[in-house]
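Enquirer: Give me a model of this one.
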Amino acid sequence: MASTDFEKALEDLYAAFAVARPRHIDGCPCCVDKRNVDVLLSKPLRKLTAEDLHGYASGVFLTVGALGDYFYLLPRLLELSAVGPRWTLDPQIVVGRLRHAEWEYWSDVRRGAIVSFLDAWFDQALALAASDEGGFGPGGLIADLLCGVAMAKLDIAPYLERLRAQGAVVTDLYWRFGDLAVEGRGPTGFWEDAPDGWARLMAFMNEPEVFDIVARVSGIFPRKAEGS
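Expert: Residues are numbered from 1 along each chain as shown. Coordinates of the predicted model:
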């Protein structure tokens with residue numbers, strides 16, 4: 001169930017991006033039909049499903065779409081990425097695509113609505129992580145969301161700070177990234193588009209406090225980088 005803070009941030013997001021439905025969505029002629037564009041213009045915005053938006057989300061600013069239709073669809077994209085199946089609208093794709101939109105140049109109202117929504121989404125994701133909803137491990141959604149936020153060129157340090165009280169989430173994230181941090185490995189996967197965020201995450205993974213959390217929660221003492 002969505003929290004009150006999440007619901008308010010969501011409604012503020014819709015208000016900030018309340019633009020008219022576009023008359024058409026441009027794109028590569030050979031790709032537009034594959035992106036399911038017609039249904040995006042024929043159904044009410046809040047009736048669009050994750051499946052409806054999947055093709056657009058993966059291709060926007062690459063083979064289909066422009067800023068006008070992106071503004072119209074963005075609240076629904078973010079909402080369904082937050083509450084829908086992760087494999088349909090992955091946060092790494094949906095949130096990460098903000099960087100292609102150069103959202104740092106948008107109005108204060110729109111940028112503020114995005115940040116507030118991401119904050120509320122992260123807090124809700126942390127609350128859900130305790131129950132391991134979805135079966136991806138308590139850090140699964142958190143890892144994807146952190147990556148998306150980093151790809152959008154936001155500092156993930158404040159989000160990492162919120163993790164410290166969530167021992168199970170920190171521990172799960174350590175088993176995902178700890179060895180990479182100890183070995184000083186470079187970013188992998190979507191993180192390759194967020195090198196600054198990766199550096200932040202690796203530094204967090206190598207903190208003594210994180211080692212202590214992992215040992216306390218799992219009973220296993222993690223490897224440490226030389227000199228730690």
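Enquirer: Let me see the mean pLDDT of stretch 159-177.
Expert: Stretch 159-177 carries an average pLDDT of 93.
Enquirer: ugh, wrong one, stretch 75-83
Expert: Here the average pLDDT along stretch 75-83 is 96.
Enquirer: Which residues in it does the neighbour count mark as buried?
Expert: Using 16 or more other C-beta atoms under 10 Å as the test for burial, stretch 75-83 gives Pro75, Arg76, Leu77, Leu78, Glu79, Leu80, Ser81, Ala82. Heads up, the C-betas are built off the backbone N, CA and C, glycines and all.
Enquirer: C-alpha coordinates for that stretch, CSV please?
Expert: Only the C-alpha atoms of stretch 75-83 are listed here, as CSV (Å, rounded to 0.1, in the frame of the first residue of the first chain):
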residue,chain,number,x,y,z
PRO,A,75,4.1,11.1,-14.4
ARG,A,76,2.5,7.8,-15.5
LEU,A,77,5.9,6.3,-16.4
LEU,A,78,7.3,7.1,-12.9
GLU,A,79,4.1,6.0,-11.2
LEU,A,80,4.1,2.6,-12.9
SER,A,81,7.8,2.2,-12.5
ALA,A,82,7.3,2.7,-8.7
VAL,A,83,4.2,0.5,-8.2
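Enquirer: Let's verify the residue nearest to Ala215 when sequence neighbours are not counted: helix, strand, or coil?
Expert: For Ala215, ignoring the flanking residues on the chain, the nearest one in space by C-beta to C-beta, 6 or more residues apart in numbering is Phe221 at 5.0 Å. Secondary structure, DSSP: H, G, I helix; E, B strand; the rest coil: Phe221 is coil.
Enquirer: Now Phe221. Its backbone dihedrals?
Expert: phi -90, psi 120 (degrees, to the nearest 10).
Enquirer: Spit out the contact partners of it.
Expert: Phe211, Val214, Ala215 (C-beta atoms under 8 Å, 6 or more residues apart in numbering).
Enquirer: now those residues as JSON lines including secondary structure?
Expert: Formatted as JSON lines, these follow (three-state DSSP):
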{"residue": "Phe211", "secondary structure": "helix"}
{"residue": "Val214", "secondary structure": "helix"}
{"residue": "Ala215", "secondary structure": "helix"}
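Enquirer: wait, which of those residues is closest to Ala143?
Expert: Of all these, Ala143 sits closest to Val214, with 15.3 Å by C-beta to C-beta.
Enquirer: of all the buried residues of stretch 75-83, which comes closest to His100?
Expert: Leu77 (13.0 Å).
Enquirer: need the contact list for that closest one.
Expert: Here Leu77 is in contact with Leu53, Tyr56, Ala57, Leu89, Val94 (C-beta under 8 Å, 6+ apart).
Enquirer: Report the secondary structure state of it.
Expert: The three-state assignment at Leu77 reads helix, by three-state DSSP.
Enquirer: what's the answer for the one 10 residues further on, then?
Expert: For Trp87, the secondary structure call by three-state DSSP comes out as coil.
Enquirer: Could you measure from it over to His54?
Expert: Distance of Trp87 to His54, computed by C-beta to C-beta, to the nearest Å: 10 Å.
Enquirer: out of these two, which sits in the more crowded spot?
Expert: Here Trp87 and His54 are compared on neighbour count by other C-beta atoms under 10 Å; more neighbours surround His54, at 19 against 10.
Enquirer: lowest average confidence, helix or strand, in the chain?
Expert: Least confident helix or strand, the chain: helix 29-32 with a mean of 57, by mean pLDDT, DSSP states H and E.
Enquirer: Show me what the helix or strand just after that one packs onto, helices and strands only.
Expert: Later in the chain than helix 29-32, the nearest helix or strand by DSSP states H and E is helix 37-42. Secondary-structure packing of helix 37-42 (3 or more C-beta pairs under 8 Å, 6 or more residues apart in numbering; DSSP states H and E): helix 50-59.
Enquirer: I'm done for today, thanks for sticking with me.
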